[in-house]
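[1] predicted structure and sequence below. I'll ask about it afterward.
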Amino acid sequence: MSETDQYFILNGQFQFKWTDATLVWNRTEYHGIEELCIQQRKIWRPDIFLTNTLTTRQHLGTRDIFKLSCTTDVTLFPFDTQECEMIVSTWNSPSTELLFTLYSDSVQLVSFVPNGLWEISSVYALVENTAAHELPICRIVFKLKHRPTYYLVNLLVPLVLLSVIGSLVFLLPVESGEKTGLSMTVLLAYVVFLALLSDHLPLSSLQTSILTIYISALIVLSCMSLVWTVVVINIHHKPDHVPVPRHMQLFVNCMTCTRNRTFSSSKVSPVNPRMCNSKTSDSSASIPTISSFVAGTHHPAPGTTADDRQASWQEVARALDRLFLILFSVAVIISTSIYFGLTR
């Protein structure tokens, strides 16, 4: 079976039975001989041919290798099921002169050899004896189902892993200098996978594989990831003397999960007058030293809010990375879930 060129090849043999009034054999006159082998070219044969063959048409009845056309539907590739037919008809004998009758509705698969990419799920035959002056037709239908293991291991699993690697771009710090390089590598990998997939699909616009749409969506997301990475790097390297806009500061506070709260002034505990009159030697320990102020935690002035803190451009870049990571991961999860949901 070739989905790219839309044909399938099989090796088989047809068995036909008909009654010819000119061929009469009386075994009593020939010493009880009941069977006789005669060359086909020496007797009359019905003009039966394969109408969808891709090779030279010839009379059926002998064992041969048949190459037949088969229109494929690759929408669910590689989880698709194809139906290929052997269409048997006559050359010029209408239904008034020749009728097809099935003496067995099953196809014998005695010499069938399993294929690594396809499995035969069912085979059946049906006869269409049309109206008078029309040619009779016999259809032998092969229902072929794809074995998806090869494509799962070599195509789908690497695609999902590439999606995970693509999201790691936003976790890579700008200082590493490898953000754009990783984005470009993932993008080119998607393009290579799309090119490899096109070699397994027919050149047709009648059906479009869902897998092709899925990879195209991943390419679009990878392009957006590259654009977002360039934006983040540009913001990260803005000079410090350029002030960060107010809405950017609010965005940083939102992404870092800080709350706008007012720092209350510290309460001063009342002084015990007895401690003033104390002459103990350790009274000097209650006097704060300079080192205690240096080691202590700095508190903003009373009435200062978290929004009043001036955010840097580096913090803005990190906040954008976090936002783009969430958006990219959600988009990849949704597209992957839709693909596997449609191909179930």
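    Good, I have the coordinates.

[2] number of residues surrounding residue 225?
    Residues within reach of residue 225, counting by other Cβ atoms under 10 Å, total 25. All C-beta spots, glycine's among them, are computed from the backbone N, C-alpha and C.

[3] roughly how far apart are it and residue 332?
    Separation of residue 225 from residue 332 (Cβ to Cβ, to the nearest Å): 10 Å.

[4] overlap of the contact sets of these two?
    Counting by Cβ atoms under 8 Å, 6 or more residues apart in numbering, the common neighbours of residue 225 and residue 332 are residue 166.

[5] quick check, pLDDT for the residue nearest the centre of the chain.
    Nearest residue to the geometric centre of the chain (Cα atoms, centre = their mean): residue 211, 4.1 Å. pLDDT for residue 211: 95.

[6] same check on residue 282?
    For residue 282, the predicted pLDDT is 44.

[7] what does residue 70 give?
    pLDDT for residue 70: 92.

[8] contact partners for the nearest residue to it once chain neighbours are set aside?
    Excluding the flanking residues, the one nearest residue 70 by Cβ to Cβ, 6 or more residues apart in numbering is residue 84, at 3.8 Å. Going by Cβ under 8 Å, 6+ apart, residue 84 touches 1, 8, 68, 70, 141, 142, 144.

[9] residue 124 too?
    By Cβ under 8 Å, 6+ apart, residue 124 lies in contact with 105, 106, 107, 140, 141.

[10] got the phi/psi numbers for it?
    Backbone geometry at residue 124, expressed as degrees, to the nearest 10, gives phi -150, psi 160.

[11] ditto for the one 3 residues further on
    Residue 127 has phi and psi values of phi -110, psi 140 when expressed as degrees, to the nearest 10.

[12] can you count the residues close to it?
    Using other Cβ under 10 Å, residue 127 is surrounded by 14 other residues.

[13] roughly how far does it sit from residue 57?
    From residue 127 across to residue 57, the span is 20 Å (Cβ to Cβ).

[14] same check, this time on residue 226
    Distance from residue 226 to residue 57, by Cβ to Cβ: 55 Å.

[15] likewise for residue 164?
    54 Å.

[16] roughly how far apart are residue 164 and residue 186?
    Taken as Cβ to Cβ, the span from residue 164 to residue 186 is 10 Å.

[17] ok so, going back, which one's more surrounded, residue 226 and residue 57?
    With other Cβ under 10 Å as the criterion, residue 226 and residue 57 differ in neighbour count, and residue 226 comes out ahead with 19 against 10.

[18] what's the first helix or strand after the one helix or strand that one maps to?
    Assigned by DSSP states H and E, residue 226 belongs to helix 210-236. Heading C-terminal from helix 210-236, the first helix or strand you meet, by DSSP H and E, is helix 246-255.

[19] got the buried residues for that next one?
    Using 16 or more other Cβ atoms under 10 Å as the burial criterion, the residues of helix 246-255 that qualify are 248, 249, 251, 252, 253, 255.

[20] run a quick neighbour tally on the closest residue to the third one other than its chain neighbours.
    So that's residue 251. Excluding the flanking residues, the one nearest residue 251 by Cβ to Cβ, 6+ apart is residue 319, at 6.1 Å. Here the count is done by other Cβ under 10 Å, and residue 319 has 20 residues near it.

[21] okay, angle between the helix or strand containing residue 319 and helix 246-255 too, please.
    According to DSSP H and E, residue 319 maps onto helix 313-342. Here the directions of helix 313-342 and helix 246-255 differ by 60 degrees (axes from the mean of the first three to the mean of the last three Cα atoms, to 10 degrees).

[22] where's helix 313-342 relative to the chain centroid, distance-wise?
    Between the centre of helix 313-342 and the centre of its chain there are 18 Å (Cα atoms, centre = their mean, to the nearest Å).

[23] when residue 164 and residue 186 are compared, which one has more neighbours?
    residue 186 (23 against 10).

[24] now the more buried one, what's its secondary structure?
    At residue 186 the chain is in helix, as set by DSSP: H, G, I helix; E, B strand; the rest coil.

[25] show me what contacts it?
    162, 165, 166, 169, 222, 225 are the contacts of residue 186 under Cβ under 8 Å, 6+ apart.

[26] ok, now residue 315?
    Contacts of residue 315 (Cβ under 8 Å, 6+ apart): 252, 256.

[27] how much space between it and residue 15?
    81 Å.

[28] could you do residue 104 as well?
    9 Å.

[29] same check on residue 332?
    For residue 332, the distance to residue 15 (Cβ to Cβ) stands at 55 Å.

[30] and the two? Which one has more around it.
    Using other Cβ under 10 Å, the more surrounded residue of residue 332 and residue 15 is residue 332, with 21 against 9.

[31] is it correct that that one is in contact with residue 221?
    Yes - Residue 332 lies in contact with residue 221 (Cβ atoms under 8 Å); the separation is 6.5 Å.

[32] got any residues that touch both of those two?
    Contacts common to residue 332 and residue 221, judged by Cβ under 8 Å, 6+ apart, are residue 166.

[33] this structure: helices as residue ranges?
    In the chain, the segments counted as helices under DSSP state H are 149-151, 157-167, 179-198, 210-236, 246-255, 273-277, 290-295, 313-342.
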